[in-house]
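Participant: here you go, sequence then predicted model.
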Amino acid sequence: MSSFPEFVRIPLADWIDAIMDWLLTEFATLFDAIGHILLVVLLYIERFFLWLPWWFAILLVGVASWWVMRKWWMGLIMAGLLVLIGSFGYWELAMMTLGLTTAAVVVSLAVGIPVGITMAKSDVVESIIRPILDAMQTMPSFVYLIPALMLFGLGKVPALFATLIYAIPPVIRLTNVGIRQVSPNVIEAARAFGASSRQILFEVQIPLAVPSIMVGINQTTMMALAMVVIASMIGARGLGLEVLLAINRIEVGRGFEAGISIVFLAIIIDRLTHALAARQEKMLTP
Amino acid sequence: MGTNKNNSPESTDKCLEVRSLWKIFGPNAEDLLDSGMPLSSKAETLEKTGCVLAVRDISFAVKRGEFFVLMGLSGSGKSTVIRCLLRLIEPTRGTILINGEDICAYDRAQLIHLRRHTTSMVFQYFGLFPHRSVLDNVAYGLKVRDVSKEERCAKAQEAIETVGLKGWEHQMPGALSGGMQQRVGIARALTTEPEILLMDEPFSGLDPLIRREMQDELIELQDKVQKTIVFVTHDLHEALKMGDRIAIMRDGKIIQVGAPEDVISQPADDYVREFVQDASPAKVLTAGRVMDEPDAMLYEWQGIKAALHVMSSSREDYAFMVGRNRKFLGLVTLKRLKSLLQTEGASIKDALEPDPARTDPDAVLEDLFPLAAESDYPIAVVDQDGRFMGEVQTSAIFENMIQDKGEGADE
């Protein structure tokens, strides 16, 4: 058997380590600031979900599902799923998971939509960002945990950061696509009537990209939920941690309960955001 | 239309003038123009330099209130020209004067001002905003210039009624048929009360019946609003029907500019000749052009015997009757007139035929076919004020149609 020649050895790992060290020493204040902002956002959102009375949350999900999907029995099913989660004794953990997910989605949108718009406006920016997004989406999600851990230590903030990085590509991508696919005829008409580029962006391009952006939000939310579970390994509390503990102790029943609760959450979030996106789409194409 | 057909081309009130306009798509277009390379062939230039000569040294002027048509097949550069007029496409070189100002020298703000206040445009693919109601679409031109909501809605409502879309204000454009969508497009263009209306193949996407209806309505509208219109089309019939003057384009150049009759009767070269060959005179020649002065005419105050005398000398069995100022009254036949001789106190008015065939001078020959088929007598040509202009004999219609086109339009 032939082995790969040893003298052809690129020490990529060393370089990455060196870069990380350099980042940590030179930009410590920056990461502290970012960490602080993330923490504040997260705490407020988490506190809200934990404050929410359980019966009110169930009612809200039921009514919202009914209204968005236009079917009363969908409201019943969605509310029922939430009741099941509570009945497993996981209400509080589920709310924590939901809080972390929501925080990740909020920050993803705040960062991702402007980035997507910039990408749509410039082919150069697109050609730079697109491969980065590709890499981000193909990288195994565990890998994000390491730099997050190094930059922010253990706890909620690195969990949020890792989730953010993992979940942000879809919303960037679909914002970009949504804006790019606005018919050039419509944009030309707006220009011909003397609309400025700002008016074209806010009055024509963004409104017409909304259905696509909504699909991006849906995907980002689902990915955030998936990552929140994995991020429990670096200190995110919630349903993910419960699964992790069950794995360590080989408690199948407990793992299943926590796991199925995550699935229920995913179904509720997916159906709701998906139906919202579909409704937006329908408004534009009667 | 015919409102400006009699103006000489030297008429001074130019609303829009284009002087040696060039548009070259491709890298280093400017250098290509400076290089002095012969740019006579589109294909050759493309092969040698990779540049597309879209518009080559075009000049024309449009008078205020004129309906100016740019006609050419696809790829002739006509759509590029109309976009250059607003700098939706930046011209490579040339001067575009609107009300005497060179808009190519305009900065961003001036250009936006021009687009908001002086011009507006109607597009082949409508370019409506699918997320806005018909009313908001129509009001858009006023919204971009920050007109208050009440005012712009009032203006938009007015324009919607002008194009006959009352009752559809709150629909989304997607719910409308193609013809109605283009009405929205036209209403949107009218709302800003522009001086110049640019129309890029506005009716090409519509099916033939709707197209003709929209053409007629636009002609009617133009009679009312008297805008300066630049109208792009690939349809010769449309060009001949709508235009006060037509510019025929090929391969980025204007081959001929002239009134519809001139284009038909004196094609500038073989290309135009071939183009107009299938333009049936029936769709171009108007009643006003082929009519003749009748041999005999009766006046309402004449007596029956005098009338009979006039008619016998004309050797026709009919005559048109007019009043003061040639006001058209009708058609009298010899037979009826003779039968009145025995009646006490009868006047020649009693000999009038009910419902004689009549038309207006702008009607094209094609429109006269059914009239000619139904009537045994010539068709009276009567203008808008009710004045009798002349008569069109059935034989004259056919003579003009089979005649050599050159003579047909030259009389």
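Facilitator: Great, that's in hand. The model shown is predicted, which means the values in this text are computed figures rather than measured ones.
Participant: let me know the secondary structure of residue B:232.
Facilitator: strand (DSSP: H, G, I helix; E, B strand; the rest coil).
Participant: that one: what's it in contact with?
Facilitator: Neighbouring residues of residue B:232 by C-beta atoms under 8 Å, 6 or more residues apart in numbering or on different chains: B:69-71, B:78-79, B:81-82, B:199-201. In short, each C-beta sits where N, CA and C put it, glycine included.
Participant: what's around whichever residue of the stretch 1-150 of chain A sits closest to chain B, how many residues?
Facilitator: Nearest to chain B in the stretch 1-150 of chain A, going by C-beta to the nearest C-beta, is residue A:123, at a distance of 15.9 Å. By other C-beta atoms under 10 Å in any protein chain shown, 10 other residues sit near residue A:123.
Participant: again, but for residue B:188
Facilitator: 31.
Participant: same deal with residue B:95?
Facilitator: Residue B:95 has 15 nearby residues by other C-beta under 10 Å.
Participant: which bits of the stretch 151-300 of chain B sit near chain A?
Facilitator: Contact residues, the stretch 151-300 of chain B versus chain A (C-beta under 8 Å from any C-beta of the partner chain): B:172, B:174-175, B:188, B:192, B:198.
Participant: the residues you listed: which two are farthest apart?
Facilitator: Taking C-beta to C-beta, the two most distant members of those are B:175 and B:198; they sit 26.8 Å apart.
Participant: neighbour count: the two, which is higher?
Facilitator: A count of neighbours by other C-beta under 10 Å puts residue B:198 above the other of residue B:175 and residue B:198, at 24 against 12.
Participant: isn't the more buried one right next to residue B:85, touching?
Facilitator: Yes - counting by C-beta atoms under 8 Å, residue B:85 is a contact partner of residue B:198 at 6.2 Å.
Participant: make JSON lines out of the residues of the stretch 151-300 of chain B next to chain A and add secondary structure and pLDDT.
Facilitator: Output for those, formatted as JSON lines (DSSP: H, G, I helix; E, B strand; the rest coil; pLDDT from 0 to 100):
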{"residue": "B:172", "secondary structure": "coil", "pLDDT": "90"}
{"residue": "B:174", "secondary structure": "helix", "pLDDT": "87"}
{"residue": "B:175", "secondary structure": "helix", "pLDDT": "88"}
{"residue": "B:188", "secondary structure": "helix", "pLDDT": "92"}
{"residue": "B:192", "secondary structure": "coil", "pLDDT": "89"}
{"residue": "B:198", "secondary structure": "strand", "pLDDT": "93"}
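Participant: now tabulate those residues in JSON lines and tack on distance to residue A:176.
Facilitator: Putting those into JSON lines (distance: C-beta to C-beta, whole Å) gives the following:
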{"residue": "B:172", "distance to residue A:176": "26"}
{"residue": "B:174", "distance to residue A:176": "24"}
{"residue": "B:175", "distance to residue A:176": "30"}
{"residue": "B:188", "distance to residue A:176": "29"}
{"residue": "B:192", "distance to residue A:176": "33"}
{"residue": "B:198", "distance to residue A:176": "32"}
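Participant: and which of those is nearest to residue B:98?
Facilitator: Nearest member of these to residue B:98, counting by C-beta to C-beta, is residue B:198, at 11.1 Å.
Participant: what's the closest non-adjacent residue to the closest one?
Facilitator: residue B:121 (4.4 Å; C-beta to C-beta, 6 or more residues apart in numbering or on different chains).
Participant: for the helix or strand where that neighbour lies, packing partners?
Facilitator: Assigned by DSSP states H and E, residue B:121 falls within strand B:119-122. Judged by 3 or more C-beta pairs under 8 Å, 6 or more residues apart in numbering or on different chains; DSSP states H and E, strand B:119-122 is in contact with helix A:184-192, helix B:178-191, strand B:196-200.
Participant: which residues of chain B score low on pLDDT?
Facilitator: B:1-12, B:278-280, B:402-411 (pLDDT under 70).
Participant: so how many other residues sit close to residue 145?
Facilitator: Defaulting to chain A. For residue A:145, using other C-beta under 10 Å, the count is 20.
Participant: wrong one, chain B
Facilitator: 16.
Participant: what does the stretch 151-286 of chain A put close to chain B?
Facilitator: So far as C-beta under 8 Å from any C-beta goes, the stretch 151-286 of chain A lies against chain B at A:183, A:185-186, A:188-196, A:199, A:203-204, A:207-208, A:283-286.
Participant: pull out the buried residues from the residues you listed.
Facilitator: Neighbour counting over those (16 or more other C-beta atoms under 10 Å in any protein chain shown) leaves A:186, A:188-195, A:199, A:203-204, A:207-208 as the buried ones.
Participant: in a markdown table, list these along with distance to residue B:154 and pLDDT.
Facilitator: Converted to a markdown table, those look like this (distance: C-beta to C-beta, whole Å; pLDDT from 0 to 100):
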| residue | distance to residue B:154 | pLDDT |
| --- | --- | --- |
| A:186 | 25 | 93 |
| A:188 | 27 | 93 |
| A:189 | 22 | 93 |
| A:190 | 22 | 93 |
| A:191 | 26 | 92 |
| A:192 | 23 | 92 |
| A:193 | 18 | 92 |
| A:194 | 20 | 90 |
| A:195 | 21 | 91 |
| A:199 | 22 | 91 |
| A:203 | 21 | 91 |
| A:204 | 24 | 92 |
| A:207 | 24 | 92 |
| A:208 | 27 | 92 |
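Participant: may I have the distance across stretch B:75-91, first residue to last?
Facilitator: 17 Å (C-alpha to C-alpha, to the nearest Å).
Participant: on contacts alone, who are the packing partners of the helix or strand bottoming out on mean pLDDT in chain A?
Facilitator: The weakest-scoring helix or strand in chain A, judged by mean pLDDT, DSSP states H and E, is helix A:145-152 (a mean of 83). If you count contacts as 3+ C-beta pairs under 8 Å, 6+ apart, helix A:145-152 packs onto helix A:12-26, helix A:28-51, helix A:156-180.
Participant: put the alpha carbons of the second one into PDB.
Facilitator: When you say that, I think you mean helix A:28-51. Output in PDB follows, covering the C-alpha atoms of helix A:28-51 (Å, rounded to 0.1, in the frame of the first residue of the first chain):
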ATOM      1  CA  ALA A  28     -11.100  40.800  22.200                       C
ATOM      2  CA  THR A  29     -13.200  44.000  22.800                       C
ATOM      3  CA  LEU A  30     -15.100  43.500  19.600                       C
ATOM      4  CA  PHE A  31     -16.100  40.000  20.500                       C
ATOM      5  CA  ASP A  32     -17.000  41.100  23.900                       C
ATOM      6  CA  ALA A  33     -19.300  43.700  22.400                       C
ATOM      7  CA  ILE A  34     -20.900  41.300  20.000                       C
ATOM      8  CA  GLY A  35     -21.300  38.800  22.800                       C
ATOM      9  CA  HIS A  36     -22.900  41.400  25.000                       C
ATOM     10  CA  ILE A  37     -25.400  42.400  22.300                       C
ATOM     11  CA  LEU A  38     -26.300  38.800  21.600                       C
ATOM     12  CA  LEU A  39     -26.800  38.100  25.300                       C
ATOM     13  CA  VAL A  40     -29.100  41.100  25.800                       C
ATOM     14  CA  VAL A  41     -31.200  40.100  22.800                       C
ATOM     15  CA  LEU A  42     -31.300  36.500  23.900                       C
ATOM     16  CA  LEU A  43     -32.200  37.300  27.500                       C
ATOM     17  CA  TYR A  44     -35.100  39.600  26.600                       C
ATOM     18  CA  ILE A  45     -36.500  37.000  24.200                       C
ATOM     19  CA  GLU A  46     -36.000  34.100  26.500                       C
ATOM     20  CA  ARG A  47     -37.600  36.000  29.400                       C
ATOM     21  CA  PHE A  48     -40.600  36.700  27.200                       C
ATOM     22  CA  PHE A  49     -41.100  33.000  26.400                       C
ATOM     23  CA  LEU A  50     -40.700  32.000  30.000                       C
ATOM     24  CA  TRP A  51     -43.100  34.700  31.200                       C
END
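Participant: for it, buried residues please.
Facilitator: So helix A:28-51, judged by 16+ other C-beta under 10 Å, has buried residues A:31, A:35, A:38-39, A:41-42, A:45-46, A:49.
Participant: no further questions, thank you.
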